[in-house]
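sequence first, predicted model second:
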Amino acid sequence: MSLYLKNESFAKLAIKDWIELFQEFTKWNKTPHTTIIIDEFPTLIETNHATPSIFQKIWDQNLKNTNTMLILLGSSIATMETEILNYKSPLYGRRTAQWKLTPLKIHHLKPFFPNYNAITLIHVYACLGGVPAYLQKFNPQQNFWQNIEQKILTKGEFLYEEAEFLLREELREPRNYSLILKTIAQGANTYGEILNQTNLDKSILSKYTSVLEDLGFIKRTYPIAITPKLRKGLYTIADNYLNFWFKYIFPNKTELETGNTQSILNKIREDYHTYLGHTFEQAATELLTEMKIQNKLPFTFTTIGKWWHKNNEIDLIALDEEKQTATFLETKWSTLKEVDCKRILQNLRAKAQNFRWNRKKENYGIIAKKNQRKTAPTKTRIPCIRYNRL
């Protein structure tokens, strides 16, 4: 604070606590507008549980009637919500705004890895997601698989331990939560599948999944244009890093602890092409949304999502409710030929007939890893979207 006040004498004051610090600061501060940012506020609460009450007094007695903005930051969602935002918190009712930061999108990754091509960026996004702290752990001068081996599979590395650290920080019983996350990462998406594979009691599972949803660790997806119902929701892990970790690291922890990273790396390489399918859908949704904002699409939409019913499933449907237009999209993490595109579009048209939504116009398209033709087949109404647009 002495640097901000440009007065070394402030640093020499004998200040005993936070309240006295802010009392003196407001006396010395002559700046008309001041912003004070305290990072990782939950750490202060862990050190002293009276911290919220202390800062309530600081705000009420020293800062409330000044042109001061106090920003409290924290990475622990549970602590921020219970100790600061909750109505029982001493700070409740004093905030003027709150902002939950979300991960970066896939089109933000290029500056982190300027030498990676678009396909490699998809590989990175599938295992790290968009958290800057995770992205910065990879070495952009090394290739993707070198980074996986050295930064995620190696004991002692930040990304090797981070998932367990997150659970210990947010949850009291990480063991059962880890079991649920592992089960979802291995492909169990319905409540019944998770229940059968975890062998947890129904009431316990409901409680645990609800907590994981509230923390943003998992999410439920419902078929687009259908009123959400519990039985129709599919569970997925919301964060790509956690999904990757619980699919590949958690089940192989014993072997990795011995330092045998190469065999696990080989297993991941063999399976990764299949694993990328889900991420490709997610990335396609993000890119379509970004291109819509930039007005670079030949169609419009107000909502976009996946759809399934009985044996029919469509990767993405983009709906424009105002214009009553439906755009049906199939995502393929593969290289397509003209014959492939024609076959996929025929199947897509057939499945679309089962989608019960009143529309005046329909579009059909394919989003592929690569298309061998320079242009999309003539029967498509929109072009194949390639990831060299990243």
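Cool, got the structure. Numbers count the residues shown, from 1 in each chain.

so how far is stretch 83-101 off the chain centroid?
23 Å (CA atoms, centre = their mean, to the nearest Å).

give me the residues contacting that stretch.
41-42, 45, 52-53, 55-56, 59-60, 72, 74, 82 (CB atoms under 8 Å, 6 or more residues apart in numbering). Where you see a C-beta, it was placed from the backbone N, CA and C, and this is true even at glycine.

pick out whichever of these sits closest to Asn260.
Pro42 (36.3 Å; CB to CB).

if we ignore the residues flanking it in sequence, what's nearest the closest one?
Leaving aside its chain neighbours, Pro42 sits nearest to Thr79 (3.8 Å; criterion: CB to CB, 6 or more residues apart in numbering).

same for the helix or strand containing the one you found, what does it pack against?
In this assignment (DSSP states H and E), Thr79 forms part of helix 77-80. Contacts defined by 3 or more CB pairs under 8 Å, 6 or more residues apart in numbering; DSSP states H and E place helix 77-80 against helix 41-47, helix 158-170.

now the strands: where do they sit in the stretch 1-150 of the chain?
With strands called from DSSP state E, counting those that start in this stretch, the stretch 1-150 of the chain shows them at 34-38, 68-72.

for those strands, give me CSV that also has mean pLDDT, distance to Tyr177 and mean neighbour count.
Putting the strands of the stretch 1-150 of the chain into CSV (pLDDT from 0 to 100; distance: least, CB to CB, whole Å; neighbours: other CB atoms under 10 Å) gives the following:
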stretch, mean pLDDT, distance to Tyr177, mean neighbour count
strand 34-38, 92, 29, 13
strand 68-72, 92, 26, 17
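
how about low-confidence regions in this structure?
228-231, 372-390 (pLDDT under 70).

can you pull the contacts of Ala284?
315-316, 329, 331, 367, 385.

dump the residue contacts of the residue sitting nearest the centre point of the chain.
Centroid check for the chain by CA atoms, centre = their mean gives Asp239 as the closest residue, at 4.1 Å. With CB under 8 Å, 6+ apart as the criterion, the residues that contact Asp239 are 103, 129, 131, 216-217.

and if you look at Lys155?
Lys155 touches 256-257, 259, counting by CB under 8 Å, 6+ apart.

where does it land in three-state SS?
At Lys155 the chain is in coil, as set by DSSP: H, G, I helix; E, B strand; the rest coil.

any idea how far Asn62 is from Leu21?
10 Å (CB to CB, to the nearest Å).

have a look at the two and say which one is more surrounded.
Between Leu21 and Asn62, counting by other CB atoms under 10 Å, Asn62 is the more crowded of the two (19 against 16).

you'd agree the more buried one is up against Lys27?
No - with contact defined as CB atoms under 8 Å, Asn62 does not count as touching Lys27 (9.2 Å).

and this protein, split by domain according to the record?
Annotated domains of the chain cover 2-85, 106-280, 297-389 [automatic domain parsing].

ok, back up a step: write the PyMOL selection for whichever of the contacts of Lys155 are buried.
Only the buried entries of the contacts of Lys155 go into this PyMOL selection, using 16 or more other CB atoms under 10 Å:
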select buried, resi 256
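
and which of the contacts of Lys155 is nearest Trp308?
Leu256 (35.3 Å).

from Tyr160, how far off is the closest one?
Distance from Leu256 to Tyr160, by CB to CB: 8 Å.

anything in contact with each of the two?
153, 249.

OK, contacts around Phe246?
163, 178, 181-182, 184-186, 237.

among these, which are in strands?
Among these, the ones falling in strands (DSSP state E) are Ile237.

please flag which of the contacts of Phe246 sit within helices.
163, 178, 181-182, 184-185 (DSSP state H).

identify the farthest-apart pair in those residues.
Of all pairs in these, the most separated under CB to CB is Ala163 and Ile184 at 13.4 Å.

got TSV for the contacts of Lys155, with distance to Pro32 and secondary structure too?
Converted to TSV, these look like this (distance: CB to CB, whole Å; DSSP: H, G, I helix; E, B strand; the rest coil):
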residue	distance to Pro32	secondary structure
Leu256	56	helix
Glu257	57	helix
Gly259	59	coil
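
which of the ones in helices among the contacts of Phe246 count as buried?
So, by 16+ other CB under 10 Å, the buried ones in the ones in helices among the contacts of Phe246 are 163, 178, 181-182, 184-185.

just send those residues back as TSV, with distance to Asn295 too.
Below are these laid out as TSV (distance: CB to CB, whole Å):
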residue	distance to Asn295
Ala163	39
Ser178	44
Leu181	39
Lys182	42
Ile184	37
Ala185	37
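
which one of those residues is nearest Arg356?
For those, the nearest to Arg356 is Ile184 (28.8 Å; CB to CB).

show me the contacts for the closest one.
Contacts of Ile184 by CB under 8 Å, 6+ apart are 194, 218, 235-237, 246.

of these, which is the most crowded?
Ile218 (25 neighbours).

what bridges to that one?
When bridges are taken as DSSP bridges, the partners of Ile218 come out as Ile237.

surely it touches Lys182?
No - Ile218 is beyond contact range of Lys182, at 11.9 Å (criterion: CB under 8 Å).

after whichever helix in the chain runs longest, which helix or strand is next? Please name it.
Assignment by DSSP H gives helix 261-293 as the longest helix of the chain. Once helix 261-293 ends, the next helix or strand along the chain (criterion: DSSP H and E) is strand 303-309.

for stretch 57-64, the distance to its chain's centre please.
Worked out by CA atoms, centre = their mean, stretch 57-64 lies 36 Å from the chain centre.

apologies, that question was intended for stretch 232-248.
10 Å.

that'll do, ta.
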